[in-house]
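Peer 1: 3D, please:
(one chain, ligands or ions: 3)
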Amino acid sequence: MASKAANRTLRLALRGESILTNPRYNKGTGFTVSERKAFGLVGRLPYRVNTLEQQCQRAYDQLASRDMPIRKNTFLSSMKDQNWVLYYALIRRHLKELIPIIYTPTQAEAISQYSHLFRRSEGLFLTYPNEDSMEEDFLEQTRGRDLQLFVCSDAEAILGIGDQGVGITTAKSALYTLLGGIHPARSLSVTLDVGTDNKDLLNDPLYVGWARKRVRGEDYDRFIDKFVQLVRKYYPNSLLHFEDFGVSNAKRLLDRYHGKHAVFNDDIQGTGAVSLAAVMSAVGVTKSRLCDQRFVIYGAGTAGLGIARQLRHGIVTIDGIPVDQATKAFYLLDRYGLVKESLGHKMRPGQEEFVRPDAEWSNAATNEKGEVELLEVVKQIKPTVLIGCSTRSGAFTEEVVREMGKHVKRPVIMPLSNPSNLVEVEPKKANEWTEGRALLATGSPFPPCHQPNGKEYIIGECNNALIYPGLGFGSMITKARTMTDTMIIAGTRRLAAMAPALHDPDLPLLPDFSDAPMVNYEVAVAVAEQAIKEGIAGVDWKKEDVRARIKEAQWVPTYADYVYDPEGLSA
Ligand SMILES: NC(=O)C1=CN([C@@H]2O[C@H](COP(=O)(O)OP(=O)(O)OC[C@H]3O[C@@H](n4cnc5c(N)ncnc54)[C@H](O)[C@@H]3O)[C@@H](O)[C@H]2O)C=CC1
Ligand SMILES: CC(=O)C(=O)O
Ligand SMILES: [Mg+2]
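Peer 2: Ligands and ions are numbered 1, 2, ... in the order given. Here you go, the predicted model:
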């Protein structure tokens, strides 16, 4: 891979053990003969110098000898603690195979066992009882660092596995580097530990987080705000990425800080964007428009509402339909069935935007609690698009899917819940129940299905990782003061334009994850161009220079040449 990084020379003040134990600079057997002499490593390493390629081969063989995905996950996480270049170079060489190991689905298991698998911590931990020393703790980990990205989580709604106390941000940061090209030293994962309501963790004597009930209300807001203000004070041009916050906080926090700092909620905006791209690709296949669709969204929480808003925004901006009219295309369901007026206080903030009038449902069949369930909504509405983000495994039953397939030639079915075992319907079944007509996309990777004509149908992976690293990089690189909806739409359109299904309806709705670095690069370019166009960028680049600037700024996992210099870098 040709890049500036390949030819860099770094002047380092570290020697001996201190360079070998620093994952940012360690090369292991990759240190050259002259580097070994300069850095006091001749007697500390076996004789043979390996190329990065050879190191990757050895690491891959070691990885392959581990049979269970979770064992591969822990192996890779140790490797990240030892040698960043090797870790990222190895995964880049086997992207499609290894992303499911370091991300969904295996990372869900790693997070749920975090306290038991614990070896070494990564990133910054800000814990509620240490609130008074937060600034000191923050500065201790960040002082002198050129940070551009903070990925934070309070771990209340990790993927679909719920409250995990501590978790996810390191995986999301790693994907920023792998797929977006962000220098791993420029991002920091931050755990905001405000306790947990997960009884298993509270009762686990090995739990490493703060074993108290979650702090909520004003105390919670003050704690989070203190952190956000530190980011704003010390890193005013950084991007603050929120991940897997609980449904009562995710949108609220995004709204609170939007416009004040460049903030991004991945579950709301990233998921909304990738889902809109998938649906744009599907309407390309069905030769219809976004505004022709009837959308049923099952699970109206953080992701479900984010998707509904983003799809609506797409209808408004792409098809030019007024927002009130666009809203009418959406039918949301949550724990209490269809979101309709009479739900009253059961409705959570945000759902009221999409509430259906009761009168529309006066003749609908209800369950014993008076709720209109999914099957009935599908019967009445005959949706063209069915999206799941409910964490309820198997919710798209055979009856539901067959009913949908009765009325629509190419039903678009997107069961997005992660990890894989929580998927609303296995793509293989949805494919079978619609005789191969369904246009499918899932949140986690699934094997291809077989069509009745014997052809393979590859399942597009509708995961925010296909777009958030590019959205984030495009915003950061241009020092955008805020992440605007129009920047997100620009990135989404660029992603949708790369959909394989646009060229052949038998191909997947979204690009393959093995192309995710290229896809995210294109997204970053689109976002950066838009930020410059809107006048909110902190750089004054010409549009025609954006591609080269981004390429040049991307970190690639190759070894730099090192020169010993007592005045050089030491961290
Ligand atoms: N593919 C992707 O890129 C993404 C997928 N997700 C997945 O979506 C799922 C939901 O995530 P969030 O929205 O963050 O969680 P959330 O907790 O905010 O939302 C889940 C919603 O589903 C509802 N729900 C639960 N059981 C239900 C049932 N039986 N019937 C109907 N609704 C039910 C809940 O009341 C809640 O409103 C998770 O599995 C997550 O991994 C989330 C973000 C991105
Ligand atoms: C992919 C993701 O962000 C989630 O499942 O929460
Ligand atoms: Mg998430």
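
Peer 1: Longest strand in this structure, by number of residues?
Peer 2: strand 187-193 (DSSP state E).

Peer 1: Walk me through which strands that strand pairs with, and which way each runs.
Peer 2: Sheet pairing of strand 187-193 (DSSP bridges) gives strand 124-127 (parallel), strand 149-153 (parallel).

Peer 1: For ligand 1, find the nearest of those.
Peer 2: Shortest distance between ligand 1 and those, using C-beta to the nearest ligand atom, is found for strand 149-153: 11.2 Å. Where C-beta positions appear, they are placed from N, C-alpha and C, glycine not excepted.

Peer 1: Tell me the helices and strands packed up against the very next helix or strand once past the closest one.
Peer 2: Counting by DSSP states H and E, the next helix or strand C-terminal to strand 149-153 is helix 169-175. With contacts defined as 3 or more C-beta pairs under 8 Å, 6 or more residues apart in numbering; DSSP states H and E, helix 169-175 has these neighbours: helix 95-102, strand 149-153, strand 187-193, helix 468-477.

Peer 1: right, and those - which one's nearest ligand 3?
Peer 2: Distance to ligand 3, taken as C-beta to the ion, is lowest for strand 149-153 among these, at 8.3 Å.

Peer 1: Next one: that closest one, is it in contact with ligand 3?
Peer 2: No. Figure legend: strand 149-153 not in contact with ligand 3 (C-beta under 5 Å from the ion); closest approach 8.3 Å.

Peer 1: do the same with stretch 461-475
Peer 2: No. No part of stretch 461-475 sits near ligand 3 under the criterion C-beta under 5 Å from the ion; the closest distance found is 6.8 Å.

Peer 1: Restrict that stretch to CA atoms and write it as CSV.
Peer 2: Below are the C-alpha coordinates for stretch 461-475, written out as CSV (Å, rounded to 0.1, in the frame of the first residue of the first chain):
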residue,chain,number,x,y,z
GLU,A,461,-24.5,-5.9,6.2
CYS,A,462,-26.5,-2.8,7.3
ASN,A,463,-24.2,-1.9,10.2
ASN,A,464,-23.3,1.7,11.1
ALA,A,465,-19.6,0.7,10.8
LEU,A,466,-20.1,0.9,7.1
ILE,A,467,-20.4,4.7,7.4
TYR,A,468,-19.6,6.1,10.9
PRO,A,469,-15.8,6.0,10.4
GLY,A,470,-16.1,8.0,7.2
LEU,A,471,-18.7,10.4,8.7
GLY,A,472,-16.4,11.0,11.6
PHE,A,473,-13.2,11.3,9.6
GLY,A,474,-14.7,13.7,7.2
SER,A,475,-15.9,15.9,10.0
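
Peer 1: Domain map for this structure?
Peer 2: By the assignment in automatic domain parsing, the chain contains the domains 5-103, 269-465.

Peer 1: What's the end-to-end length of the longest one?
Peer 2: For domain 269-465, the first and last residues are 12 Å from each other (C-alpha to C-alpha, to the nearest Å).

Peer 1: Could you find the closest non-adjacent residue to the residue of the stretch 251-400 of the chain found nearest ligand 1?
Peer 2: Nearest to ligand 1, among the residues of the stretch 251-400 of the chain, is Gly301, at 1.9 Å (C-beta to the nearest ligand atom). Nearest-residue entry for Gly301: Val247, 4.5 Å, with adjacent residues in sequence omitted and distances by C-beta to C-beta, 6 or more residues apart in numbering.

Peer 1: The one you found: neighbour count?
Peer 2: Counted with other C-beta atoms under 10 Å, the neighbours of Val247 add up to 20.

Peer 1: Since that was my last question, I'll sign off now.
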